[in-house]
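S.K.: after the sequence you'll find the predicted model.
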Amino acid sequence: MGIWDARDDTLSSLYIAGVLMFVAHESYEDPLMSALAGQGEHCFRALHLSIRVPWFIVTCLVSGDDIDMQRSVCCAWDVDLRELLKVEKTRRPVSLQQMNPSHEGDGRWEALQIERVWKVQHPDGHSVLVFQDFEGTEFTNTLDGDAEDRQGDRTLVFEAHPPKPRGKRKFARPAPKTQVPVFSGEADPFSPVSAWDLAVQLGTSVEDVRRRAAQGQLFTAGPVVGGEPRYPRYQALPVLAGGKLEALLAVLAQTDGHPQLFFAGECPELGLLSPVEVLLGAAVKQRGFEPEAKVILSSDPTKRFEHVMEAAQAYVAATSGW
């Protein structure tokens with residue numbers, strides 16, 4: 001976890017109303033990461049928070065001479081967040097979480113994954129950051145998420161998993177060492193669909209889809225369109241029928257992360273396949289998979305589901321308590 005050196009007088013992110021926000025104990029410092037960090041920067045394995053107000057964790061991909069690394073930085077003020085979300089030559093933000101005090105009063109924090117951030121410019125010259133989570137809910141960074149006006153000219157400043165720029169290659173990309181089957185269906189399994197579309201695929205009614213979503217048996221993701229939420233299409237895969245999706249969601253409910261982050265993310269336990277690709281029995285495209293990916297995809301549907309369930313349990317163990 002990165003944090004700026006408290007001796008630097010430019011550290012507005014460390015203070016809230018004159019109170020030290022993040023307290024970095026010397027015993028928690030990571031000497032190796034601090035040595036690799038920029039001049040005047042220190043890295044810590046843990047931080048103490050002196051006041052319980054919302055704050056952010058920004059994870060960036062930092063390109064070095066020999067290796068690329070991911071670094072996570074804590075900040076609490078919008079002015080610092082705007083700087084950290086800028087794409088630079090050697091640094092690109094890849095994920096953003098807002099940390100909120102738990103409503104249970106148990107001293108824990110709840111992590112909210114942010115999908116998009118816009119800067120909204122008002123006619124009077126004032127600007128505000130508007131955040132959208134993976135369920136399409138928008139809010140501002142205030143104790144009252146509706147306190148700021150979200151209407152105005154919008155500029156997208158961050159999007160989770162942004163598309164990589166495409167350009168002409170001087171040399172052909174080397175073929176992946178591990179070749180796996182590639183999905184050939186017409187419909188993108190990751191695409192967001194309406195409740196009506198999902199109901200058709202599931203052979204049920206729109207009311208049943210909404211009821212199951214309210215009970216945590218289905219979930220929404222992506223932007224709200226026309227006031228209606230969208231559902232990832234892969235929830236209708238036949239391999240997830242018969243209560244299997246509900247079983248996976250029950251496991252994932254033990255962590256604060258949105259289910260989409262698990263289902264669509266490359267999973268080390270699955271040979272760098274995403275859980276959805278394992279359930280499909282094919283990758284959406286060839287890329288750098290581990291050798292075991294081919295073995296996993298060659299399994300029967302029941303065994304592939306077992307692989308995904310085991311990966312979900314490992315995911316919860318790794319992310320619980322964020």
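M.R.: Looks like it arrived, so ask away.
S.K.: hmm, residue 119 is touching residue 129, no?
M.R.: Yes. Residue 119 is in contact with residue 129 according to Cβ atoms under 8 Å; the separation is 6.0 Å. Every residue, glycine included, has its C-beta placed from N, CA and C.
S.K.: which neighbours do these two have in common?
M.R.: Residues touching both residue 119 and residue 129 (Cβ atoms under 8 Å, 6 or more residues apart in numbering) are 82, 157.
S.K.: got phi/psi on residue 100?
M.R.: Note on residue 100: its backbone torsions stand at phi -120, psi 140 [degrees, to the nearest 10].
S.K.: does it have beta-bridge partners, and which?
M.R.: Beta-bridge partners of residue 100, counted by DSSP bridges, are residue 110.
S.K.: tell me how far it lies from residue 120.
M.R.: Using Cβ to Cβ, to the nearest Å, we find residue 100 at a distance of 21 Å from residue 120.
S.K.: go on, residue 251?
M.R.: Distance of residue 251 to residue 120, computed by Cβ to Cβ: 38 Å.
S.K.: now do residue 74
M.R.: Noted for residue 74: a distance of 24 Å to residue 120, by Cβ to Cβ.
S.K.: same check on residue 238?
M.R.: 43 Å.
S.K.: am I right that residue 92 is in a strand?
M.R.: Yes. Counting by DSSP: H, G, I helix; E, B strand; the rest coil, residue 92 falls inside a strand.
S.K.: nearest residue to it other than its sequence neighbours?
M.R.: Of all residues not flanking residue 92 in the chain, residue 61 sits nearest, at 5.0 Å (Cβ to Cβ, 6 or more residues apart in numbering).
S.K.: one more: residue 183?
M.R.: residue 282 is the one closest to residue 183 (Cβ to Cβ, 6+ apart), at 4.2 Å.
S.K.: then residue 156?
M.R.: Once flanking residues are discounted, residue 156 sits nearest to residue 118: 5.6 Å by Cβ to Cβ, 6+ apart.
S.K.: list the contacts for the one you found?
M.R.: 129-130, 132, 154-157.
S.K.: tell me which element it is part of?
M.R.: strand 109-121 (DSSP states H and E).
S.K.: alpha carbons of the following helix or strand past that strand, as PDB, please.
M.R.: Per DSSP H and E, the first helix or strand lying C-terminal to strand 109-121 is strand 127-133. Provided in PDB are the C-alpha atoms of strand 127-133 (Å, rounded to 0.1, in the frame of the first residue of the first chain):
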ATOM      1  CA  SER A 127     -16.400  21.100 -11.000                       C
ATOM      2  CA  VAL A 128     -17.300  17.900  -9.100                       C
ATOM      3  CA  LEU A 129     -16.400  14.200  -9.500                       C
ATOM      4  CA  VAL A 130     -19.300  11.800 -10.200                       C
ATOM      5  CA  PHE A 131     -18.700   8.100  -9.400                       C
ATOM      6  CA  GLN A 132     -20.600   5.100 -10.800                       C
ATOM      7  CA  ASP A 133     -20.400   1.700  -9.200                       C
END
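S.K.: neighbouring contacts of strand 127-133?
M.R.: Contacts with strand 127-133, where a contact means Cβ under 8 Å, 6+ apart, come from 78, 81-82, 98, 112-122, 138-141, 148-150, 154, 157, 223, 258.
S.K.: cheers, nothing more for now.
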